[in-house]
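Asks: I'd like to go over a predicted model; first the sequence, then the structure.
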Amino acid sequence: MNHSEERALAWRDELRKSMKAKERTDIPRVHMPELNAEYRSHSRLEEVNLGLTAEMAMLEAKRCLDCANPTCMQGCPVGIDIPRFVKNIERGEFLEAAKALKETSALPAVCGRVCPQEKQCEGQCVHLKMKKEAVAVGHLERFAADYERESGNISVPETAEANNIKIAAVGSGPAGLAFAGDMAKLGYEVVVFEALHEIGGVLKYGIPEFRLPNDIVDVEIQNLQSMGVHFVTNCVVGKTISIKDLEDDGFKGIFVASGAGLPRFMNIKGENLVGVMSSNEYLTRVNLMDAASEDSDTPVFKGKKVAIIGGGNTAMDSVRTARRLGAERAMIVYRRSEEEMPARLEEVKHAKEEGIDFLTLHNPIEYLGNEQGRVTHMLLQVMELGEPDASGRRSPVEIPGKTELIEVDEVVVSVGVSPNPLIPQSVEGLEVTKWGTVVVNNDTMQSAVPIIFAGGDIVRGGATVILAMGDGRKAAKSMDEWIKNN
Amino acid sequence: MNKIVSKENFSANVIKFEVEAPLIAKARKAGHFVMVKVGVKGERIPLTIADADLQKGTITLVVQKMGVSSSKLCALEAGDYITDMVGPLGKATHIENFGTVVCACGGVGTAPMLPIVAALKKAGNRVITVIAARNKDLIILEEQMRLHSDEVIVMTDDGSYGTKGLVTNGVESVINREKVDLCVTIGPAIMMKFVSLLTKKYEVPTLASLNTIMVDGTGMCGACRVSVGGKTKFVCVDGPEFDAHLVDFDEMLMRLGGYRDIEREEMANFSNH
Ligand SMILES: Cc1cc2nc3c(=O)[nH]c(=O)nc-3n(C[C@H](O)[C@H](O)[C@H](O)COP(=O)(O)OP(=O)(O)OC[C@H]3O[C@@H](n4cnc5c(N)ncnc54)[C@H](O)[C@@H]3O)c2cc1C
Ligand SMILES: Cc1cc2nc3c(=O)[nH]c(=O)nc-3n(C[C@H](O)[C@H](O)[C@H](O)COP(=O)(O)OP(=O)(O)OC[C@H]3O[C@@H](n4cnc5c(N)ncnc54)[C@H](O)[C@@H]3O)c2cc1C
Ligand code: SF4
Ligand code: SF4
Ligand code: FES
């Protein structure tokens, strides 16, 4: 059934009529219960958002007008049938709501938590046009997915009869996981190869526990395993085995989802001082290696005056981690103003509540250190906003001669990532852009080498979980067609 | 999980392991390394693949006890499993017949030098290996090196074995007596720095295999970065070997010391158990 057929169902019609639109829009938007800011800024592993209660979720769901032309769906990159899942919550059919979500999204519990909703689904909600706050689609999505998981009634999707065709995914981030799930449903024998010792990609090594608990990702992985997906960790495709080896082994299609794992630096003076590191290094130590725990062998600096350079989600995750590891002053240094920050709104809000300093319109130009080579200061250039640039955001312009020297004992550089070059370098004939992303047909995700499909950050550069997941699903569909027609 | 097939003590602090890893054995070349992690909460540490046996599907690691992680590994026995192992990583050593090659190693560098010495010899080079240590007890792998070298020169700081002097004295004596086409050096950064300064003086092309701190070993974190010819390089993917004359050893030395205090603490805790 498509959206309008679903909408025409009797129960939906009845529910819609049960309350006036005005009454619905007059309900104030739900507040996500969260841990106290002072408490949580010392608690590294507890999730900040506590989740909605069933009553809260049902009330919030009432706010949704079940629009005939739901603009919210246009804002969702994968076009989730938002009113359908929301109305199921309103009538108390939480498992139905979860089912509706899973028809489109492979990882609703994750996306409900990490999607930049204010730019996507919620950013297009009709409420905004009426000067009301958008329906809390993300919170509701999280609620339905969590409810299903916690109910123990998690549905393992049915898989078609095994077709004994082997296909591979390279990388176990959201793109690889979504692809694997869909291919398993279609009856393929799926093997996911992962370079690290953990499955989950950025969801595990990047996004911290206080924002996305590993358990949630693990449940999804177990689900895939029970559908027959096989995972091989500690295997770097292009090093341990080549794409050619995979072909020789009988793999009929290969989905490359190796992400954008290469950290960028700014190449300024003093950037190689001890105590200056990439956010990938910092977050990998803390999240993947659990370096802040007593029983971990991996060390991590616990700086007292920590500066994070950048304004994206990675920067927010790093600065809030630094705070939790005991930083007295944890700073965001960002060259534009807060308005241009690419991070999710909620993360910026949470960071502020946790006492993070925001040095916006500042840009580091040099780091200074002591005799041991440890960073002690950063020299910041003060900026102002000029004309909009190619990205449509107002560009930062230096104010000549205006600099500031600030004490730091740790700096985390979080100015973006580039695609992982390993696969692009190791496969002949693959078309790659000057940014190192793999070129694919946007409709099919197929690359210039027919057996290779690709998606997620390796195709888009640093993007989002939902886009990576959407690519994985799209690739699965078209690879299936391609294999059948070959 | 990779099974340890055999264990052999080269000395109290240097242990040779043969480990099951058929895919790595097949793909590896001289100069490649693996990342090894012992225990769920273990650290990922880089170790050079010293040798491989395709028939048995095993690789050989030669490990020197340094701190917590290498000690945990060395405590494992044949039949035990290494929790995680991934590789082969890094760029393989460029091996060809250069002519006469001096391989200068010391301390932590002796173990990773072994496969390079063997490969150079196999390619037809005249290989002169210089092994250096503070005293006789710290000289390791001498016999194995002799197997693959035309000559082995042993240097000790205190003269308790071989010739008294530093690794650089050994290298210089060779340069003074015959034409050297290439020098390869692996060891503590300070040692490589001085070898590099020496060979630069004599204009002998030199490769240094850099043993920086690593976390992932796959180019993801940048912990291993060094400045080479003024450009930042990642040792795990761009290296580990670089033109020694272009490496900023002072910066590397500084970066290696980064976690020393934390590591000392961890070692103290570990020894107390
Ligand atoms: C700290 C941080 C916070 C973020 N926060 C958000 C957020 O709030 N919301 C949001 O939507 N997005 C966020 N993102 C972005 C989002 O996580 C990514 O866009 C998404 O994970 C990309 O998915 P992917 O599957 O393409 O790649 P990844 O998740 O990067 O996974 C790629 C996997 O492939 C593996 N791999 C790489 N090369 C090989 C190889 N040769 N062989 C085998 N395996 C290989 C890697 O080890 C990795 O596990 C964040 C990113 C970071 C780093
Ligand atoms: C590419 C590469 C290949 C290597 N191959 C081998 C090998 O084949 N066999 C082997 O025994 N070792 C090898 N090493 C070194 C090995 O990785 C380190 O000895 C190990 O990481 C030490 O870990 P630890 O926890 O035991 O000691 P730590 O607690 O980390 O260190 C103990 C002491 O050793 C110093 N140290 C730590 N790491 C290094 C290093 N990389 N170089 C010099 N000093 C260091 C520390 O500063 C400290 O004082 C290699 C390193 C690299 C980068
Ligand atoms: S997947 Fe993301 S954008 Fe789509 S509805 Fe859910 S939260 Fe909104
Ligand atoms: S636009 Fe807003 S009110 Fe309309 S269906 Fe979507 S979420 Fe509900
Ligand atoms: S060890 Fe992480 S990039 Fe080299």
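Replies: In hand now; what should we look at? Ligands and ions are numbered 1, 2, ... in the order given.

Asks: CA only for contacts and neighbour counts going forward, please
Replies: OK.

Asks: excluding its backbone neighbours, what's nearest A:V30?
Replies: Excluding its sequence neighbours, the residue lying closest to A:V30 (Cα to Cα, 6 or more residues apart in numbering or on different chains) is A:E60, at 6.0 Å.

Asks: same question, A:L422
Replies: In space, and not counting its chain neighbours, A:L422 is closest to A:G238: 6.5 Å by Cα to Cα, 6+ apart.

Asks: need the contact list for the one you found.
Replies: The contact partners of A:G238, by Cα atoms under 8 Å, 6 or more residues apart in numbering or on different chains, come to A:L422, A:I423, A:S426.

Asks: again, 10 Å this time
Replies: Taking Cα atoms under 10 Å, 6 or more residues apart in numbering or on different chains, we find A:G238 in contact with A:V170, A:K244, A:D245, A:L422, A:I423, A:P424, A:Q425, A:S426, A:V427, B:A27, B:P88, B:L89.

Asks: isn't the second one right up against A:G253?
Replies: Right, the one you point to is A:K244. No: A:K244 is beyond contact range of A:G253, at 11.5 Å (criterion: Cα atoms under 10 Å).

Asks: between those two, who's got more neighbours?
Replies: Taking other Cα atoms under 10 Å in any protein chain shown, A:K244 and A:G253 do not tie; A:G253 has more neighbours (23 against 14).

Asks: Now that one: which helix or strand?
Replies: Element membership for A:G253 (DSSP states H and E) is strand A:251-256.

Asks: so what does the following helix or strand past that strand touch, helix or strand wise?
Replies: Next helix or strand after strand A:251-256 toward the C-terminus (DSSP H and E): strand A:262-263. Strand A:262-263 is packed against strand A:276-278, helix A:279-283, strand A:417-418, with contacts defined by 3 or more Cα pairs under 10 Å, 6 or more residues apart in numbering or on different chains; DSSP states H and E.

Asks: What segments of the stretch 51-200 of chain B are strands?
Replies: B:58-64, B:81-82, B:84-89, B:100-106, B:126-133, B:151-156, B:163-164, B:182-186 (DSSP state E, counting those that start in this stretch).

Asks: Parallel or antiparallel, list what pairs with the first one.
Replies: In other words, strand B:58-64. The strands beside strand B:58-64 in its sheet (DSSP bridges) come out as strand B:14-20 (antiparallel), strand B:44-53 (antiparallel).

Asks: which regions of the stretch 151-273 of chain B lie under the pLDDT threshold?
Replies: Where the stretch 151-273 of chain B drops to pLDDT under 70, the residues are B:259, B:261-273.

Asks: please redo it, this time with the cut-off set to 80
Replies: B:257-273 (pLDDT under 80).

Asks: For ligand 2, give me its nearest residue in it.
Replies: B:N211 (3.2 Å; Cα to the nearest ligand atom).

Asks: and that residue, helix, strand or coil?
Replies: coil (DSSP: H, G, I helix; E, B strand; the rest coil).

Asks: Tell me who's in contact with it.
Replies: Residues near B:N211 by Cα under 10 Å, 6+ apart: B:46-47, B:108-109, B:112, B:186-189, B:224, B:235-236, B:239-241, B:252, B:256.

Asks: Look up phi and psi at it.
Replies: phi -110, psi 70 (degrees, to the nearest 10).

Asks: you'd agree B:M155 is up against B:G165?
Replies: Yes: with contact defined as Cα under 10 Å, B:M155 and B:G165 form a contacting pair (5.8 Å).

Asks: more crowded one of these two?
Replies: Under the neighbour definition other Cα under 10 Å, B:M155 and B:G165 were set side by side, and B:M155 has more, 28 against 17.

Asks: In the stretch 1-150 of chain A, where is pLDDT below threshold?
Replies: Within the stretch 1-150 of chain A, the segments meeting pLDDT under 80 span A:1.

Asks: Tell me which residue of it lies closest to ligand 5.
Replies: For the stretch 1-150 of chain A, the residue closest to ligand 5 is A:R44, as judged by Cα to the nearest ligand atom, at 23.4 Å.

Asks: For my notes, confirm that residue occurs in a strand.
Replies: No: the assignment for A:R44, made by three-state DSSP, is coil rather than a strand.

Asks: neighbours of it, just the number please.
Replies: By other Cα under 10 Å, neighbour count at A:R44 equals 21.

Asks: shouldn't it be in contact with A:A291?
Replies: No: using Cα under 10 Å, A:R44 is not in contact with A:A291, being 11.7 Å away.

Asks: about what we covered before: indicate which one of the strands paired with strand B:58-64 is closest to B:V215.
Replies: Closest to B:V215 of the strands paired with strand B:58-64 is strand B:44-53 (Cα to Cα; 6.1 Å).

Asks: Just the CA atoms of the closest one, as PDB, please.
Replies: Only the C-alpha atoms of strand B:44-53 are listed here, as PDB (Å, rounded to 0.1, in the frame of the first residue of the first chain):
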ATOM      1  CA  ARG B  44      46.400  -2.700  19.300                       C
ATOM      2  CA  ILE B  45      50.200  -2.900  18.700                       C
ATOM      3  CA  PRO B  46      52.100  -3.100  15.500                       C
ATOM      4  CA  LEU B  47      54.500  -6.000  14.900                       C
ATOM      5  CA  THR B  48      56.500  -6.800  11.800                       C
ATOM      6  CA  ILE B  49      55.800 -10.100  10.000                       C
ATOM      7  CA  ALA B  50      59.200 -11.800  10.300                       C
ATOM      8  CA  ASP B  51      58.300 -14.700   8.100                       C
ATOM      9  CA  ALA B  52      55.500 -16.800   6.700                       C
ATOM     10  CA  ASP B  53      54.800 -20.400   5.900                       C
END
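
Asks: Could you check the angle it makes with strand B:84-89?
Replies: 70 degrees (axes from the mean of the first three to the mean of the last three Cα atoms, to 10 degrees).

Asks: and residue 12, what does it touch?
Replies: No chain in the question, so chain A it is. A:E6, A:S18, A:D66, A:P83, A:R84, A:K87, A:N88, A:R91 are the contacts of A:R12 under Cα under 10 Å, 6+ apart.

Asks: that's the other chain; I wanted chain B
Replies: Each residue near B:A12 by Cα under 10 Å, 6+ apart is listed here: B:Q64, B:K65, B:D137, B:L138, B:I140.

Asks: Ramachandran angles for the second one?
Replies: Here the main-chain torsion angles of B:K65 (degrees, to the nearest 10) amount to phi -70, psi 120.

Asks: Secondary structure class of the spatially closest residue to A:A162 that is not a sequence neighbour, three-state.
Replies: Among residues not flanking A:A162 along the chain, A:G187 sits closest, at 4.4 Å (Cα to Cα, 6+ apart). Look at A:G187: counting by three-state DSSP, its state is coil.

Asks: Read off the pLDDT value for A:G187.
Replies: A:G187 carries a pLDDT value of 96.

Asks: measure it to A:G181 for me?
Replies: In this view, A:G187 and A:G181 are 10 Å apart by Cα to Cα, to the nearest Å.

Asks: And for A:A448?
Replies: Where A:G181 is concerned, A:A448 sits at a distance of 24 Å (Cα to Cα).

Asks: which one of these two has more residues nearby?
Replies: Using other Cα under 10 Å as the criterion, A:A448 and A:G181 rank with A:G181 on top: 26 against 17.

Asks: ok, now which ones touch A:G472?
Replies: Neighbours of A:G472 in contact, by Cα under 10 Å, 6+ apart: A:106, A:169, A:173-183, A:255-257, A:445, A:453-456, A:466.

Asks: Identify whichever of the strands of the stretch 51-200 of chain B lies nearest to A:R336.
Replies: Using Cα to Cα, the strands of the stretch 51-200 of chain B put strand B:84-89 closest to A:R336, at 38.7 Å.

Asks: Hmm, B:D248 and B:A208 touching each other?
Replies: No: using Cα under 10 Å as the test, B:A208 is too far from B:D248 to be in contact (11.4 Å).
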